[in-house]
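below are the sequence and a predicted model for it; my questions follow.
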Amino acid sequence: AYGGTINSVFANFHLADVAFETTQEFCHGIRFNNADYFTVNDCTFNNLPDRAMDGIWATGEINSCTFTGLNSFALDFLYSDFSVSNCVFRNNELSSADLVSSEAHFSCCLFEDNGLNSDSSTIYAKNGNTLLESCVFDGNSSHNIASVVSVEDGAIVDFVNCTLVGNTVRNQANSVFYNKKSGINMLNCIFWNNIPTVMNESQDGFTVQYSNIENGWPGEGNIDQDPMFVSSDDFHLATGSPCIDTACERDGAQQDCDGVNRPSGGTWDMGAYEYDGFYGPSRLYLRMPVYEVTEGDPFSLEAVFWND
């Protein structure tokens, strides 16, 4: 759909495998108004000047979609109830999710390099409840008075097994999170290498448990140690990470976004990815006897492999 808009009013709506891209002013992607139930699967929204998707009194789900290079909000919902899974939000100017009086559940989503030149938050929630589960926030920024995540007026935002790395707040905002008369809860998360390193100016309405927080934060099970990622852009846990087997078992998703079972070891891991093997630097050893072989004669080989 190029240069157009889809409006769904009082209807069930299902869409898959559609690309939205236009340079025409004021064009947006999809608008829901009192949608009984909508599904949007495997769609791309690129370089739209207006909202990629917005709705009022809408119920539905968004799966495996990509939102890139948007000049306005990726998702803008009011009085709605919806889920978002396995989606990518990258290089968008304004909020990836602007949520007012809505119930939203994000799982296995990537929020990367958003808000580089704007004073908008990557996530903005006002009233309602938002759950972010096994999501990664990497390289997002905000300017002036905005924070990367802003929560206002009674909203509750829960971060569970999320990884927040390399996000930046500039100018007047003093923390990555902004919490006004609301609640932010973090469980089993990693918060590392953000600027500033302060998560929130106040501990009021901010609960953190079983999480790895740079410079520390009060709460049961919290640690302050290098999480030992595989690399600067791969946030799987390397062998020996202090985040392995130090999180809290919980109800909900029993697999991470790679399909790895939680737990894969003694108990759950912190962050978006469960450790299930040998990530990062390791040495592989081979031990085998010496064989004398005559050309053309068949032979069998036995060897032992192990690593440290």
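Structure's in. What do you need?

got a list of what the nearest residue to residue 35 once chain neighbours are set aside touches?
Once flanking residues are discounted, residue 35 sits nearest to residue 58: 4.2 Å by CB to CB, 6 or more residues apart in numbering. For glycine as for every other residue, the C-beta is placed from the backbone atoms N, C-alpha and C. Going by CB atoms under 8 Å, 6 or more residues apart in numbering, residue 58 touches 32-35, 38, 77, 80-82.

how far away is residue 58 from residue 86?
Separation of residue 58 from residue 86 (CB to CB, to the nearest Å) stands at 20 Å.

give me the most central residue, this structure.
Taking CA atoms, centre = their mean, the centroid of the chain lies closest to residue 135, which sits 2.3 Å from it.

quick one: that one and residue 110 touch, right?
Yes. Applying CB atoms under 8 Å as the test, residue 135 and residue 110 come out as touching, 7.3 Å apart.

how many residues are close by residue 181?
11 (other CB atoms under 10 Å).

residue ranges with poor pLDDT in this structure?
1-5, 23-27, 116-118, 144-146, 171-175, 198-203, 252-253, 278-291, 299-308 (pLDDT under 70).

ok, now with 80
For the chain, applying pLDDT under 80 flags the ranges 1-5, 7-11, 22-28, 116-120, 143-147, 170-176, 178-181, 197-205, 251-253, 278-308.

filter the contacts of residue 58 down to the buried ones.
Neighbour counting over those (16 or more other CB atoms under 10 Å) leaves 32, 35, 38, 77, 80, 82 as the buried ones.

now tabulate those residues in JSON lines and tack on distance to residue 141 and secondary structure.
Shown next, in JSON lines, are the buried ones among the contacts of residue 58 (distance: CB to CB, whole Å; DSSP: H, G, I helix; E, B strand; the rest coil):
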{"residue": "32", "distance to residue 141": "29", "secondary structure": "strand"}
{"residue": "35", "distance to residue 141": "33", "secondary structure": "coil"}
{"residue": "38", "distance to residue 141": "31", "secondary structure": "strand"}
{"residue": "77", "distance to residue 141": "23", "secondary structure": "strand"}
{"residue": "80", "distance to residue 141": "27", "secondary structure": "coil"}
{"residue": "82", "distance to residue 141": "26", "secondary structure": "strand"}
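
residue 274: which of these is nearest?
Using CB to CB, residue 82 comes nearest to residue 274 of these, at 26.1 Å.

right, I'll call it a day here.
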